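**Q** Build the 3D model from these lines:
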Amino acid sequence: MKRIWRSLLKILIGFFVLLNIVVICHAYKFTHYYDANEVVVKHQKDKTSWDKTKELLFGFTAVKQKNIAPDSIFKPVYLTTNDSLKLEAWIMQVPNAKGTVAMFHGHGGKKSGVLKEAYSFQQMGYNTLLLDFRAHGNSEGNTCTIGYDEAEDVKLAFDYLEQQGEKNIVLWGISLGAATITKAINDYNIAPQKIILEMPFGSLPDAVAGRVKIMGLPPQPIASMLTFWGGIINGFWAYNLKPITYAKNIKCPVLLQRGTNDPRVTFAETKEIFDNITAQKKWVEYSESAHESLCAKENNKWVTEVSAFLQK
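**A** Residues are numbered from 1 along each chain as shown. Predicted structure coming up:
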């Protein structure tokens, strides 16, 4: 009987070790992006059964998305992080601007991915500054910390606008971009005039659980393991990354927006963020939208809500 129990224990330990190895590989791939010339990525139609098995076991190799240049005139701006990474942004200006909206994309995205929103802000009379987070688009770096280090990127964009003499700075972010804005305000005490948060996750464990869920997998214990190892690999305690908590330090007016059909960010997460904001605030639901561009999905409503918020 003892031999049976020992054998079972060895099998369980072996399974636990193997599961952690698989999770570590996925956590690494989930937080790293590469320039197209740094890695070889096959098209789906060219992948063999072994290629697909390796991806299932060890994760996908992610390539930085390429930006598409704006239709309107823009000027490249370069910002440098404390660890010497060069970040690329675009500044797009309009005559007699009312202010400038600094814009921050989502995880795995790029600055040209929010051009529709940028054009809308321009039509409302605002300059726009669109930033590629580190490890995204045309910015340097390979590691994405899901908002932990990226908070510095938001601060750099804000500081740049202040140095240019801008007095009316609005911060807009979607998903990761929105969550990172809350951390930048918490960590660096930056003081924008207004912020617009679209679909921010409540905490990093919540964000990972949402990601796992849309993959058709049970969120737990996989999400907790991914969160733990993702933080360890990248040198921070991932369980402390909480926009829910950071929201308490927001002092300017906030427009919080969410797609009702969002499969990744729950109603409960959004409500807790909203409840923790003590400044002037408004919550808007988009009944036809999921975790996607609200501006693209429900444009008329988005323009109406955002315009009204900016005019107050």
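
**Q** Quick one: low-confidence residue ranges for the chain.
**A** 1 (pLDDT under 70).

**Q** what about the longest helix along it, distance to the chain center?
**A** Counting by DSSP state H, the longest helix found in the chain is helix 2-30. Centroid separation for helix 2-30 versus its chain: 31 Å, with C-alpha atoms, centre = their mean, to the nearest Å.

**Q** Direction included, what does the helix or strand just after it pair up with?
**A** With elements assigned by DSSP states H and E, the helix or strand that comes after helix 2-30 is strand 33-34. Here strand 33-34 has these sheet partners by DSSP bridges: strand 62-63 (parallel).

**Q** circling back: what comes up buried for the longest helix of the chain?
**A** Residues of helix 2-30 classed as buried: Val22, Val23, Ile24, His26, Ala27, Tyr28, Phe30 (neighbour count, 16 or more other C-beta atoms under 10 Å). Where C-beta positions appear, they are placed from N, C-alpha and C, glycine not excepted.

**Q** what separates Gln311 from Val303, distance-wise?
**A** Gln311 is 12 Å from Val303, where distance means C-beta to C-beta, to the nearest Å.

**Q** brain fart, Ala118
**A** For Ala118, the distance to Val303 equals 13 Å [C-beta to C-beta].

**Q** cool, Ser139 as well?
**A** Going from Ser139 to Val303 by C-beta to C-beta gives 29 Å.

**Q** what does Arg258 give?
**A** Distance of Arg258 to Val303, given as C-beta to C-beta: 17 Å.

**Q** Pick out whichever of these two has more residues nearby.
**A** Arg258 (25 against 16; other C-beta atoms under 10 Å).

**Q** Spatially, which residue comes closest to the more buried one, not counting chain neighbours?
**A** Thr270 (4.9 Å; C-beta to C-beta, 6 or more residues apart in numbering).

**Q** In PDB, list the C-alpha atoms belonging to the helix or strand where the one you found lies.
**A** Using DSSP H and E, Thr270 sits in helix 267-276. C-alpha atoms of helix 267-276 as PDB (Å, rounded to 0.1, in the frame of the first residue of the first chain):
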ATOM      1  CA  PHE A 267     -19.400  44.200 -14.500                       C
ATOM      2  CA  ALA A 268     -18.200  43.700 -10.900                       C
ATOM      3  CA  GLU A 269     -14.600  44.900 -11.700                       C
ATOM      4  CA  THR A 270     -16.000  48.000 -13.400                       C
ATOM      5  CA  LYS A 271     -18.300  48.700 -10.500                       C
ATOM      6  CA  GLU A 272     -15.600  48.400  -7.900                       C
ATOM      7  CA  ILE A 273     -13.400  50.800  -9.900                       C
ATOM      8  CA  PHE A 274     -16.300  53.200 -10.200                       C
ATOM      9  CA  ASP A 275     -17.200  53.000  -6.500                       C
ATOM     10  CA  ASN A 276     -13.600  53.700  -5.500                       C
END
